[in-house]
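> coordinates for the following, if possible.
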Amino acid sequence: ALFLPSRVFVPLTLSTFTRPTRPTRPTQPSHASYSNKVESITAVADNEFSIDISNPLNDYESRSAVTVRASDLVDTDNERAGQVNFVVKWEGAQKQSTLAVMSADDKALKSKKKGSPGFAPRPLTAAGEWTPVLAVDCRGLEPSGFNAGVDEFTVVSCGGSTFSEEVDFSDDWCEYCEKNEGAVSVNGVSFRWTAL
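All right, here's what the predicted structure looks like:
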């Protein structure tokens, strides 16, 4: 049996990276991708994200493409837990499992190391780093996948153009930047969930 703490903070991280990295665990894929003339990539605030979840106590029980939005609140059976963004009751479970989208201001995401940005969601600005773009508080479930969709991210080019429509990281993305008079592209985007 697998036992998890009752509260797990899980940030979704994004990377566009040119040199392969050695994974820290087998579940973290190595990646070889790049961005061309991109200054930053940011998750759109209060967007609807599609997440795959699983029951940490049963390998055969999961849900695909669960949609979660920070502003959509649901009541739970537990009065002390308050409102969350997603609730599921696994087969045979006595309690509900919940997922809550965390804000960048949440103290649990702050780093205890001086000068470290911690795990609060922020724009991806440096190639070669995994950057948190979404953080969730999970109780009784684990996020197992992320399904990138259209208009979930905003891309700012080095020339200062902002692209917020038709940005789709489910495949390679490319657009023309009039300010730079050239292509702006993001290829081979990788996402991973990391438990804190």
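> tell me how many other residues crowd V88.
16 (other CB atoms under 10 Å). Where you see a C-beta, it was placed from the backbone N, CA and C, and this is true even at glycine.
> gap between V101 and F163?
The gap separating V101 from F163 is 24 Å, by CB to CB, to the nearest Å.
> sorry, wrong one. I was asking about A93.
43 Å.
> from the contact counts, what lies against whichever strand or helix holds R192?
In this structure, R192 sits in strand 190-193 according to DSSP states H and E. Packing partners of strand 190-193 (3 or more CB pairs under 8 Å, 6 or more residues apart in numbering; DSSP states H and E): strand 8-15, strand 142-147.
> and the shortest one, which strands flank it?
In other words, strand 142-147. strand 49-55 (antiparallel) (DSSP bridges).
> give the rounded mean pLDDT of the strand it pairs with.
For strand 49-55, mean pLDDT is 93.
> identify the residues contacting that strand?
61-69, 86, 88, 90, 97, 99, 134, 136, 140-147, 149, 152 (CB atoms under 8 Å, 6 or more residues apart in numbering).
> ok, K95 - contacts?
K95 neighbours (CB under 8 Å, 6+ apart): D77, N78, K89, G140.
> end-to-end on stretch 185-196?
31 Å (CA to CA, to the nearest Å).
> quick one: buried residues of it?
Within stretch 185-196, the residues scored as buried using 16 or more other CB atoms under 10 Å are S185, V186, G188, V189, S190, F191, R192, W193, T194.
> the first one reaches C174, doesn't it?
Read that as S185. Yes - using CB atoms under 8 Å, S185 is in contact with C174, at 4.0 Å.
> quick revisit: for A93 and F163, indicate the residue with more neighbours.
F163 (19 against 14).
> what bridges to the nearest residue to the more buried one once chain neighbours are set aside?
Distance criterion CB to CB, 6 or more residues apart in numbering; nearest residue to F163, sequence neighbours excluded, is V155 at 4.5 Å. On the basis of DSSP bridges, V155 is bridged to I41, F163.
> can you check E142 too?
Beta bridges link E142 to S54, judged by DSSP bridges.
> if I look at it, how far off is F86?
13 Å.
> please apply the same query to D77.
14 Å.
> of these two, which one has the most company?
For D77 versus F86, the count of surrounding residues by other CB under 10 Å is larger for F86: 21 against 11.
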